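# Structure, please.
(chains A, B, C and D)
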Number of protein chains: 2
Amino acid sequence: MLRNDYPGQVCSIARSLEVIGERWTLLIVRDVMNGRRRFDELQKGLGVARNVLSARLQRLVEEDILERRAYQQSPERYEYFLTEKGLDLWPALVALLAWGDRHSPNPDGPPMLIVHKGCGGAVSDRGICESCGKLLHARDARPVPGPGLESTGGEAEAVAAR
Amino acid sequence: MLRNDYPGQVCSIARSLEVIGERWTLLIVRDVMNGRRRFDELQKGLGVARNVLSARLQRLVEEDILERRAYQQSPERYEYFLTEKGLDLWPALVALLAWGDRHSPNPDGPPMLIVHKGCGGAVSDRGICESCGKLLHARDARPVPGPGLESTGGEAEAVAAR
DNA sequence: CCGACTGAGTTGCTTGACGCAACCTTGTGT
DNA sequence: ACACAAGGTTGCGTCAAGCAACTCAGTCGG
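Below is the predicted model:
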């Protein structure tokens, strides 16, 4: 995506997309949510250009969606964490995941599932546990590899195992 | 957005974004959902370049998200309608709308609200009626202008009135 | 009969975001 | 002394987006 300003749009969807509608941004958020926190880890996992990843991370930190924290000094090395604002994107990601699974299904089934941490139930397109019926939030769920996951890179399994 | 292919991504979120993650695409879907169905109407409302709108509409029809129907002959004139696949994007749009309203609030309140057609209740970020508790779908809800809507163009009011 | 207007695009040109590779910096391992 | 790792930055070419002008078929007003 180019600069994502939609001039003249008063709608909140347009305002949301100004930030998270840029190319790669939502995938970065997804990966951080799944436990990928470091620059190189994100870069290799996504295959995004390094300068673009750098720009996106800066923007996400400015927008208070990610937080950049040093995990060691000399040399300083950083990790990125989701803020509450970033975690609140979870319902949107779940909705997009469900839409993709429903309308462009993988022949072997979905590559990634989301389950309720508490009871292990599957999570619906609205972020509701289909087993216990609870309305879930980002911290209540975790991804697990689905039947459609072809074991090519080993990356997704590693992430899902966390 | 540029070409939205995310090579090597098996995730359904990535596959969803390949289609609807392009610049303008989700705003076009939103407008069609709100009753804007014609080329010029969409173009003026969004302020998108005509060639880009043309390309997006073609792509959305190819992807079976929109359907193009002639509403008159000689000269042939067309309208765009959402398919079931397109209507199923409603939960994602609702989630993005709610996220924008929560985290980048308009000083006067949200510019657009979504209400349950059946009981008039407000719709939550999960697409659930806060008044009667029902799980809603696209056809069960409609947009109404919110307190934050500045009356500049008159376009949004016209749409919301449908 | 002529000109203006409408809807639904298409064409051509310019700008600017993205992809790629190379480079930089600080520090560690061998 | 050299390679390697993490976390970027810089430079360059390409391709999508923005903008304006044009097309085409038909309709309306004078």
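
# is any part of stretch A:22-36 close to chain B?
Yes: applying CB under 8 Å from any CB of the partner chain, one finds stretch A:22-36 in contact with chain B at A:22-24, A:26-27, A:30. Placement of C-beta: from N, CA and C, glycine included.

# Closest one of the residues you listed to residue B:99?
residue A:26 (11.5 Å; CB to CB).

# quick one: which helix or strand includes the closest one?
Per DSSP states H and E: residue A:26 is located in helix A:25-33.

# Now flag whichever of the residues of stretch A:22-36 next to chain B is closest to DNA strand D.
residue A:23 (9.0 Å; CB to the nearest atom of the strand).

# Show me which residues of chain A sit near DNA strand D.
Residues of chain A lying close to DNA strand D by CB under 7 Å from any atom of the strand are A:1-2, A:38-41, A:50-51, A:54, A:57, A:68, A:71, A:75, A:77-79.

# Just among those, which is most surrounded?
residue A:57 (20 neighbours; other CB atoms under 10 Å in any protein chain shown).

# quick one: contacts for it?
A:28, A:39, A:42, A:66, A:68, A:80 (CB atoms under 8 Å, 6 or more residues apart in numbering or on different chains).

# ok, the nearest residue to residue A:38 once chain neighbours are set aside to residue A:36 distance?
The shortest distance from residue A:38 to any non-neighbouring residue, by CB to CB, 6 or more residues apart in numbering or on different chains, is to residue A:79 (5.7 Å). With distances taken as CB to CB, to the nearest Å, residue A:79 is found 10 Å from residue A:36.

# Tell me which helix or strand the closest residue to residue A:63 other than its chain neighbours sits in.
Excluding the flanking residues, the one nearest residue A:63 by CB to CB, 6+ apart is residue A:19, at 5.2 Å. Taking DSSP H and E as the criterion, residue A:19 maps to helix A:12-20.

# can the helix or strand following the helix holding residue A:26 be found next to chain B?
Downstream of helix A:25-33, the next assigned helix or strand under DSSP H and E is helix A:39-46. Yes: legend: contact between helix A:39-46 and chain B by CB under 8 Å from any CB is shown at residue A:46.

# next structured bit after helix A:39-46?
Using DSSP H and E, the helix or strand that follows helix A:39-46 in sequence is helix A:50-62.
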